[in-house]
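# here is the input, now give the coordinates:
(one chain, ligands or ions: 2)
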Amino acid sequence: VMPLQKIFRVIIMGAPGSGKGTVSARITKSFALKHISSGDILRANINSQTVIFPNTQLFREYYMVKLVPDDVISRLILKDLRALENSSWLLDGFPRTVAQAEALEDAYSADSVVNLDVPFQTIKQRLTSRWTHLPSGRVYNTDFNPPKVPGLDDVTGEPLVQRDDDSPTRRLKSYETQTEPVLEFYRCKGVLQTFSGTETNKIWPHVEAFLHVKL
Ligand SMILES: Nc1nc2c(ncn2[C@@H]2O[C@H](COP(=O)(O)OP(=O)(O)O)[C@@H](O)[C@H]2O)c(=O)[nH]1
Ligand SMILES: Nc1ncnc2c1ncn2[C@@H]1O[C@H](COP(=O)(O)OP(=O)(O)O)[C@@H](O)[C@H]1O
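Ligands and ions are numbered 1, 2, ... in the order given. Prediction:
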């Protein structure tokens, strides 16, 4: 892992299914950035039954059907970031709306925004073959990284589900209307770096080279 000279704050963006989770795992393997994932934070809060969601059913509804309200997710993420005041981080899954981006910007400004630009046609195919283990958030893809036993989670053996929002059209629509304006927000700030392609394995070397120079 490459140590960093100064504190660096990176955001990874891209449509659902563009490969953010996959690329984030590779980034944190190569660079000393702490991975902050909004999905992981939400799941941790559910599992510990601490705040906000009085019951798992309500979260399930959010998780399966719609985005969590801006003020709820912003509060959760900023609380975790404040605990990392002197660390470099990689933020994944947040911000997804301009309101969230503004809430973040009030506290911290991003040094770089890595945007994964994958054609919608490619994403549709991927999401159709994506299966999720809901309690952990582990994702599989029947072509790219299949589970060892079809339909079952590798670690727990529990069943995998296809999320409602894995039905691509609605998710991509919400990305277009809610999240694309966030890209514009960062473009205006001059920190947006876009990587285009159809395969993670081909995009990754460019992301890696960029971060090597940047960090
Ligand atoms: N076929 C294919 N699938 C990929 C590739 N990269 C990632 N995936 C799969 O596509 C799905 C979405 O990737 P993920 O990293 O979860 O994207 P995220 O939603 O942006 O975090 C997962 O099932 C991945 O295993 C790729 O290059 N080719
Ligand atoms: N920034 C966010 N704003 C609102 N809701 C969010 C945000 N991040 C995550 N969520 C909620 O958590 C769910 C799971 O998120 P995540 O694990 O990032 O999965 P995915 O990348 O597949 O959407 C989302 O469907 C949404 O309900």
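
# alpha carbons only for contacts and neighbour counts from here, please
OK.

# for this protein, what lies in contact range of ligand 1?
15-22, 126, 130, 139-141, 143-145, 199-201 (CA under 6 Å from any ligand atom).

# quick one: buried ones out of those?
Listed as buried from those are 15-21, 126, 130, 139-140, 200; burial here means 16 or more other CA atoms under 10 Å.

# ok, and which of those residues reach ligand 2?
With CA under 6 Å from any ligand atom as the criterion, these include Pro16 near ligand 2.

# any idea of the mean pLDDT in the helix or strand containing Glu208?
Assigned by DSSP states H and E, Glu208 falls within helix 200-214. What helix 200-214 shows for mean pLDDT is 96.

# return the set of buried residues in that helix.
Buried-residue list, helix 200-214, by 16+ other CA under 10 Å: 200, 203-204, 207-208, 211.

# including distance to Asn45, could the residues you listed go into a markdown table?
Formatted as a markdown table, the buried residues of helix 200-214 follow (distance: CA to CA, whole Å):
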| residue | distance to Asn45 |
| --- | --- |
| Thr200 | 30 |
| Ile203 | 32 |
| Trp204 | 31 |
| Val207 | 31 |
| Glu208 | 32 |
| Leu211 | 31 |
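
# phi and psi next, for the nearest residue to Ile203 once chain neighbours are set aside.
Of all residues not flanking Ile203 in the chain, Gly197 sits nearest, at 6.0 Å (CA to CA, 6 or more residues apart in numbering). Backbone torsions for Gly197, taken as degrees, to the nearest 10, come to phi 170, psi 180.

# thinking again about what came up before, counting by contacts, list what the helix holding Glu208 packs against.
Counting by 3 or more CA pairs under 8 Å, 6 or more residues apart in numbering; DSSP states H and E, the packing neighbours recorded for helix 200-214 are helix 20-30, strand 192-196.

# which stretches of this structure form helices?
20-30, 38-47, 56-65, 70-82, 98-107, 120-128, 168-174, 180-189, 200-214 (DSSP state H).

# other SSEs contacting the fifth one?
Same thing as helix 98-107. When contacts are defined as 3+ CA pairs under 8 Å, 6+ apart, helix 98-107 packs onto helix 70-82, helix 180-189.

# any regions of the protein where pLDDT drops low?
Where the chain drops to pLDDT under 70, the residues are 2, 49-65, 164-168.

# what does this structure put close to ligand 2?
16, 38-39, 62-64, 66-69, 73, 93-96.

# return the set of residues that bridge with Thr194.
Counting by DSSP bridges, Thr194 is bridged to Asn115.

# run a quick neighbour tally on it.
15 (other CA atoms under 10 Å).

# quick one: buried residues of stretch 67-78?
Buried, per 16+ other CA under 10 Å, within stretch 67-78: 70, 73-74, 76-77.

# reformat the helices of the chain as CSV; add distance to Ser88.
Listed next are the helices of the chain as CSV, based on distance: least, CA to CA, whole Å:
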stretch, distance to Ser88
helix 20-30, 11
helix 38-47, 16
helix 56-65, 28
helix 70-82, 10
helix 98-107, 14
helix 120-128, 30
helix 168-174, 30
helix 180-189, 19
helix 200-214, 13
